[in-house]
Every structure is written in structure tokens, then in C-alpha cells.
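Novice: Please work out how this folds:
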Amino acid sequence: MHKHAMDSPEDWLDAHGSALYRFALLRLRDEQQAEEAVQETLVAALQARDRFSGNATVRTWLIGILKHKIVDQFRLASREVPLAESGVDALDCPACDDDAAFDERGHWREPLSDWGNPEATLQRRELMAILQRCLDALPERLARLFMLRELMDAPTEAICQELDITPTNAWTMLYRARMGLRACLDQNGIRAGRKD
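Specialist: Residues are numbered from 1 along each chain as shown. Just a heads-up that it's a prediction; the model follows:
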């Protein structure tokens, strides 16, 4: 198995700082929190550099550490700011109530947009800006759940513990978040069949 060389810790910020910051900002939606998460990641990586096995690139290793720092920030935020006591039905998400979007088997009636390679698409600034605005427009709990599930690949059990909800509520809220994001992306010109 090929071992990846550890580049110099003095070069980490220049070589990987922008990618780490973009990764954190997309998930945390706050510039200061994203900067703090990147700083904490670099400090933790510096302290753990002797344990770097070389089985991944340095950037992949740093992003793995950053994911843990982001989850820590979500945990801290959920302890400091009480979540709304209202149930899922009380969430203000008009686009989420459109049951006509799915057929009887639960599939989309209209095809989803073909965005090509998702990683390449997300790197485009225009789409990132639109996605950020759409996430900001969602109710905070929906946005947080969507980020935990879809962007951080957190398991349902961990999300339910984190947000103090049942699995049924989690899937209902995730449905609402997806519907809200789809409506917002469509309103901002990200439609089915778009090739650019």
C-alpha cells in the first residue's frame, strides 16, 4: 500500500487552509466559527502528527480531524442555545408541504437536476453562494439536520441524539429540508436539465 508523505506542518496552512476553510464554512455557515474550527484542526493535527499513518493524503487526514471539530461545535451550540420547543409541524417551510412532488412509490414526480460531478459542481463559487443562501433560508434545525446527515454523513442515531428527536421526526425534517432546498435552488436558477 502506498504511504503518503507528511508535508511540513509549517506548510499546512498555505497548502490546505483554503480547502479546510471552505469545508468548514459550508457546514457551519459562520465565518468566525469556520476559522476557529480550522485553527483547532491545525493545532490538533500538530499535536497528533506523530500518529499520522500515511495511508491517506495530509489533506484527507486534516479534513477528518476537521469533521470532528465541526461536530464538537454543533454539540456546543446545541448545549448553549436551546432548540425550539415546537414540533415538526410548526416549522415554517411552505415548500415542504407539497406531497404532490412524489408518486405513490415515494419517487420524485419531476426528475432532479443533473448537476454532473457533485464535487466539481460544489467547488464553483456561484453554486456555493446559492447553496449557502438556501441553507440560511431554512429554519435552523432543518439546516443543521441536513448538514449533519447529507454533508457530514452522520448516522441517524447520532443525529437523533444530537437534536433530541426521534428517527421519525428526523426523516420528516430531512424531507422538509430537501424540499425547501430544492425549491430554493429552483428559484435561483438551478433547474433540471441545467448543464453549465
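
Novice: what's the domain layout of this protein?
Specialist: 9-80, 88-187 (automatic domain parsing).

Novice: want to throw the ones you listed into CSV with mean neighbour count and mean pLDDT?
Specialist: Where C-beta positions appear, they are placed from N, C-alpha and C, glycine not excepted. Conversion of the domains of the chain to CSV gives the following (neighbours: other Cβ atoms under 10 Å; pLDDT from 0 to 100):
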stretch, mean neighbour count, mean pLDDT
domain 9-80, 16, 86
domain 88-187, 15, 77
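
Novice: what about the helices in this structure?
Specialist: Applying DSSP state H to the chain gives helices spanning 12-28, 31-48, 58-80, 118-123, 125-137, 140-146, 156-163, 167-187.

Novice: who wins for proximity to residue 109 among the ones you listed?
Specialist: Within the helices of the chain, the stretch nearest residue 109 is helix 167-187; the backing value is 12.1 Å (Cβ to Cβ).

Novice: re the thing from before, looking at the helices of the chain, which is nearest to residue 105?
Specialist: Nearest of the helices of the chain (Cβ to Cβ): helix 167-187, 15.0 Å.

Novice: Who are the packing partners of that closest one?
Specialist: helix 125-137, helix 140-146, helix 156-163 (3 or more Cβ pairs under 8 Å, 6 or more residues apart in numbering; DSSP states H and E).

Novice: Looking at those helices, spot the one closest to residue 172.
Specialist: Using Cβ to Cβ, the nearest of the helices and strands packed on helix 167-187 to residue 172 is helix 140-146, at 10.1 Å.

Novice: Distance to residue 62 for the helices and strands packed on helix 167-187 - can I get that in TSV?
Specialist: Formatted as TSV, these follow (distance: least, Cβ to Cβ, whole Å):
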stretch	distance to residue 62
helix 125-137	20
helix 140-146	23
helix 156-163	22
